[in-house]
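1. Pasting a predicted model and its sequence here:
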Amino acid sequence: MSQMITITINGKDYRVEPNQTVMQAADTLGFKIPRLCYHPKLSIEGACRVCIVEVEGQRNFVASCAFPVSDGMKIKTNTHALRRARRDIVELIIDNHPMDCHTCERDGNCELQRLAASMGIRARHFAGERKRYEEDLSSEAVIRNPEKCILCGRCVRMCSEIQQVHNLTQAHRGFQTVVMPAYDLPMAESVCTACGQCINVCPTAAFVEKNYTQELFEQLNDPERVKVVQFAPSVRAAIGEAFGLPIGQNMEGQLIAALRKLGFDYVFDTQFGADLTIMEEANEFLERLQNKGTLPMITSCSSAWMKCLEQFYPDLIDNVSTCKSPMSMQGAMIKTYFADKMGIDPTKICSAAAMCCTAKKYEAERPELMFDGMRGVDVVVTTREIAWMIKSAGIDFVNIQPEKADHPLGLSSGAGAIFGATGGVMEAAIRTAYELYTGQTLVDIEVEGVRGLKGIKEGSLTMDGQEIRVAVAHGLGNACKLLEVVRQDPQRYHFIEIMGCPGGCVGGGGQPYAAINTIPLDDKALKKRAQALYDLDRGKTIRRSHDNPDVQKLYKEFLQHPLSSVSHKYLHTHYKAKLPKGIIPKEAKKIEVTQ
Amino acid sequence: MTELAQDKMTTLREFMAEVSNKDYAESYLIAVLHKTQELFGYVPRQVMDEASEALQIPTAHIWGVATFYHYFNLEPIGRHTISVCMGTACYVKGATQVLDVLKKELGVEVGKTTEDRLFTLQEARCLGACGIAPVIMIDDKIYGELDAKKTVEIINQYRKAAAESRKV
């Protein structure tokens, strides 16, 4: 342990750890210095100057996020001059901002709005030139609106440091600076993977998802349509936050009830699709293992990861499972098996999906996932959008009587539930693959080694004397590091799970905005959301995908058996290399595996 | 995009290969961009794509650097570069009117090149010819004591010369 040092804040002495910034020390002592461009998971930018403090002996105010503490340092955080300077800084930021809060998507959830309120800005003293830019509406998933951008650079750092996609940069300079992809390409033509993490860390509405709520409301009011919806595991673990509930509450029953009240005729659970994915994926893995197919096999559920693969790791396409994602499998079963069973014309079905993900919007329209000339999922809305729809329709979500999902695509095992947390797909696959391979029951089905928020997790298990080595990565940056290992040592692993977002789907780009006094993508919040799913798993009697009776019925009545020709037609696909329009550095320097 | 001259590309690739073997290869980015502009007169997108691979720098970061410095042209430039002095003396003596008439006459904004690729219009800070303000510089030649009419006449001289050189 390092020697403690003494600092003075606002006239009082405190003993603190050395080797930290003024902001970090102040945080531990209960002084929450206002901040904007700072994010604990990202590098220090020091761009916004909102977090300035007074340090005795320094000529100017210093940015507390970037200034290290030292013994005897005398700091003031709230003098009259500081308050004025901070207020002026925020006022100047606001002066170059549209100020259309009433009609803005982030109204009520905007960090800039909260900051301005906390500064006591009640009048505008500056009125200068304001930047004007067009919105980039090209992407199916992520909309870029430079006019709302305040150049904090959080999205740029998220995209390059955590996700290592390096799609965004601050181009040009000074007043003309704009956050954009290389060559000012439209988002749809850029290397954007649609993960939506830029939206998660954006303090304003400079990045938002492409909103499909109006379209969905229209479909819901169309009497000709049969309205079917599915919802992802992680939506239930986070949607409560959008209604002011504590983080990590499982709102499954309330969500199902609310979806029915919104006008959906059938409410299905994507956890069923997850169970189905496991049936196919576990069998595919065993087939590769026994027939010396391409290993390691890598999971394919995460749509942002799929685009990352196509662009940056085309050499590993054969390693990726041919399974579609749970959403797309479920969508395919809605328009075939379910439609047939109910005698519904599949073209009359509106197949909607409430997802924790923005990339699912992009996935839903991919031609690779179509079958019989149809899309499996017609409209994808995020957790944020569905929460808004519920509020907008005047549904009392918090007090609603919980309901259960419909059959035949609504029953799920605990294995399907944990898909939403990093390591969950691996754990679910192990539960099924082990039993299919050995014919024995896996006693300890909770695979602790693949749980938690460590960037890259490794583990191994023995199946009939054979050692199976597995690895799990979450966040595309961690995935990139793991895949470099795979490129160098292809024999090292048998099976790999990759999720595009930090924490897995619980940290998806479509999850509710961070509430007041919370940090987007805070580890504690991600853990709580994941815990809600692990608790859900533990509470179920059926915890293995192959034990799901509705899944068994589906195979008996329609799919025959895993990897059958019917399965291949509806549940599998192949991806192709995309010409990369940017690169990921061979060596990810400086950045360690992120927690 | 127009095909880039192969011999120039070869020179540039050799240069990139050389620096990519050095320590901190990424720190040679600006040198590569300079070399590119020296060879092509601007920084083509194809070169930025290749530099990205050679130096292992994401294209977005290269784009950030290339757009940050006004020195780098991102589009092919015209045969003649017109620099309009916006220094204090010229400004006071009516540089804005000169610039406006050029914009109108050439049909381009500052930093852009005319469709016939004859002129690129740029702004300059003081060119050191304040005594004959307002001035413009076309390539390395200074024209002073300008007004709207005189400016158009000069442009027309260049156009005439270009037309004649085509005839020959």
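-> Ah, there it is. Since this is a predicted model, take the numbers as computed values, not measurements. Numbering: from 1, shown residues only, chains lettered A, B, ... in the order given.
2. which residues of chain B fall in helices?
-> Secondary structure of chain B, counting by DSSP state H: helices at B:6-20, B:29-40, B:45-55, B:59-68, B:88-92, B:95-106, B:148-167.
3. which stretch among those comes nearest B:Glu75?
-> When these are ranked by proximity to B:Glu75, the top entry is helix B:45-55, at 9.8 Å, counting by Cβ to Cβ. Where you see a C-beta, it was placed from the backbone N, CA and C, and this is true even at glycine.
4. Which residues does stretch A:39-50 contact?
-> Stretch A:39-50 is touched from outside by A:21, A:34-38, A:61, A:63, A:65-66, A:86, A:89-90, A:93, A:115, A:150-154, A:157-158, A:161-162, A:201, A:502, A:519-522, A:594-595, with contacts defined as Cβ atoms under 8 Å, 6 or more residues apart in numbering or on different chains.
5. ok, and for that stretch, which residues are buried?
-> Neighbour-count burial for stretch A:39-50, with 16 or more other Cβ atoms under 10 Å in any protein chain shown as criterion, is recorded at A:His39, A:Lys41, A:Leu42, A:Glu45, A:Gly46, A:Ala47, A:Cys48, A:Arg49, A:Val50.
6. mind checking how far the first one is from A:Leu259?
-> So that's A:His39. The gap separating A:His39 from A:Leu259 is 33 Å, by Cβ to Cβ, to the nearest Å.
7. Ok, the second one next?
-> As for A:Lys41, its distance to A:Leu259 is 33 Å (criterion: Cβ to Cβ).
8. Which phi and psi values does B:Val110 adopt?
-> For B:Val110, the backbone dihedrals are phi -60, psi 140 (criterion: degrees, to the nearest 10).
9. A:Asn211 now?
-> Dihedral pair for A:Asn211: phi -90, psi 130, per degrees, to the nearest 10.
10. nearest spatial neighbour of B:Ala124, skipping sequence neighbours?
-> In this structure, B:Ala124 finds its nearest non-sequential neighbour in B:Ser83, 3.9 Å apart by Cβ to Cβ, 6 or more residues apart in numbering or on different chains.
11. what's the burial count for residue 72?
-> All of this refers to chain A. For A:Gly72, the tally of surrounding residues (other Cβ atoms under 10 Å in any protein chain shown) stands at 12.
12. Sorry, I should have been clearer: chain B.
-> B:Phe72 has 16 neighbouring residues, counting by other Cβ under 10 Å.
13. I figured it hits B:Trp63, correct?
-> No. B:Phe72 sits out of contact with B:Trp63 when judged by Cβ atoms under 8 Å, with a separation of 10.6 Å.
14. three-state assignment of A:Arg248?
-> You called it Arg, but residue A:248 is Gly. Here A:Gly248 is recorded as coil under DSSP: H, G, I helix; E, B strand; the rest coil.
15. just checking, it touches A:Leu526?
-> No. With contact defined as Cβ under 8 Å, A:Gly248 and A:Leu526 do not form a contacting pair (9.6 Å).
16. who's more crowded, the two?
-> For A:Gly248 and A:Leu526, the more surrounded residue by other Cβ under 10 Å is A:Leu526, and the numbers stand at 24 against 21.
17. who's in contact with that one?
-> With contacts taken as Cβ under 8 Å, 6+ apart, A:Leu526 has the following neighbours: A:Leu453, A:Pro502, A:Gly503, A:Val506, A:Gly507.
18. so where's chain A uncertain?
-> Screening chain A residue by residue with the criterion pLDDT under 70, one finds the ranges A:1, A:579-595.
19. can I have the helix ranked longest in chain A written out in PDB, keeping just the CAs?
-> Across chain A, the helix with the greatest residue count (assigned by DSSP H) is helix A:270-290. Output for helix A:270-290, consisting of C-alpha atoms alone and laid out as PDB, is shown next (Å, rounded to 0.1, in the frame of the first residue of the first chain):
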ATOM      1  CA  THR A 270     -36.900 -14.200 -27.300                       C
ATOM      2  CA  GLN A 271     -35.600 -16.500 -24.500                       C
ATOM      3  CA  PHE A 272     -37.400 -19.200 -26.500                       C
ATOM      4  CA  GLY A 273     -35.400 -18.200 -29.500                       C
ATOM      5  CA  ALA A 274     -32.300 -18.300 -27.300                       C
ATOM      6  CA  ASP A 275     -33.100 -21.900 -26.300                       C
ATOM      7  CA  LEU A 276     -33.500 -22.700 -30.000                       C
ATOM      8  CA  THR A 277     -30.200 -21.100 -30.700                       C
ATOM      9  CA  ILE A 278     -28.600 -23.300 -28.100                       C
ATOM     10  CA  MET A 279     -30.100 -26.400 -29.600                       C
ATOM     11  CA  GLU A 280     -28.600 -25.600 -33.000                       C
ATOM     12  CA  GLU A 281     -25.400 -24.000 -31.800                       C
ATOM     13  CA  ALA A 282     -24.500 -26.800 -29.300                       C
ATOM     14  CA  ASN A 283     -25.100 -29.400 -31.900                       C
ATOM     15  CA  GLU A 284     -23.100 -27.500 -34.500                       C
ATOM     16  CA  PHE A 285     -20.300 -27.300 -32.000                       C
ATOM     17  CA  LEU A 286     -20.400 -31.000 -31.300                       C
ATOM     18  CA  GLU A 287     -20.500 -31.700 -35.000                       C
ATOM     19  CA  ARG A 288     -17.400 -29.600 -35.600                       C
ATOM     20  CA  LEU A 289     -15.700 -31.200 -32.700                       C
ATOM     21  CA  GLN A 290     -16.400 -34.800 -33.800                       C
END
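20. how about it: buried residues?
-> A:270-286, A:288-289.
21. Mind giving me the packing neighbours of that helix?
-> Here helix A:270-290 touches strand A:226-231, helix A:233-238, strand A:297-298, helix A:326-333, helix A:414-417, helix A:424-438, helix A:549-554, helix A:565-571, going by 3 or more Cβ pairs under 8 Å, 6 or more residues apart in numbering or on different chains; DSSP states H and E.
22. Parallel or antiparallel, list what pairs with the first one.
-> It stands for strand A:226-231. The strands that strand A:226-231 pairs with in its sheet are strand A:266-269 (parallel), strand A:349-355 (parallel) (by DSSP bridges).
23. what sits up against the last one?
-> Residues external to strand A:349-355 that are found in contact with it (Cβ under 8 Å, 6+ apart): A:216, A:219-220, A:222, A:225-232, A:235, A:255, A:259, A:264, A:270, A:327, A:330-331, A:334-335, A:339, A:360-361, A:364, A:375-383, A:385-386, A:508, A:510.
24. now that strand against helix A:326-333, angle please.
-> For strand A:349-355 against helix A:326-333, the angle by axes from the mean of the first three to the mean of the last three Cα atoms, to 10 degrees is 170 degrees.
25. Could you tell me which residues of chain B lie near chain A?
-> For chain B, the residues in contact with chain A under the definition Cβ under 8 Å from any Cβ of the partner chain are B:45, B:48-49, B:52-53, B:56-64, B:67-68.
26. So what does the closest residue to A:Gln176 other than its chain neighbours have for phi and psi?
-> Of all residues not flanking A:Gln176 in the chain, A:Lys131 sits nearest, at 7.9 Å (Cβ to Cβ, 6+ apart). When quoted as degrees, to the nearest 10, the phi and psi of A:Lys131 stand at phi -70, psi 150.
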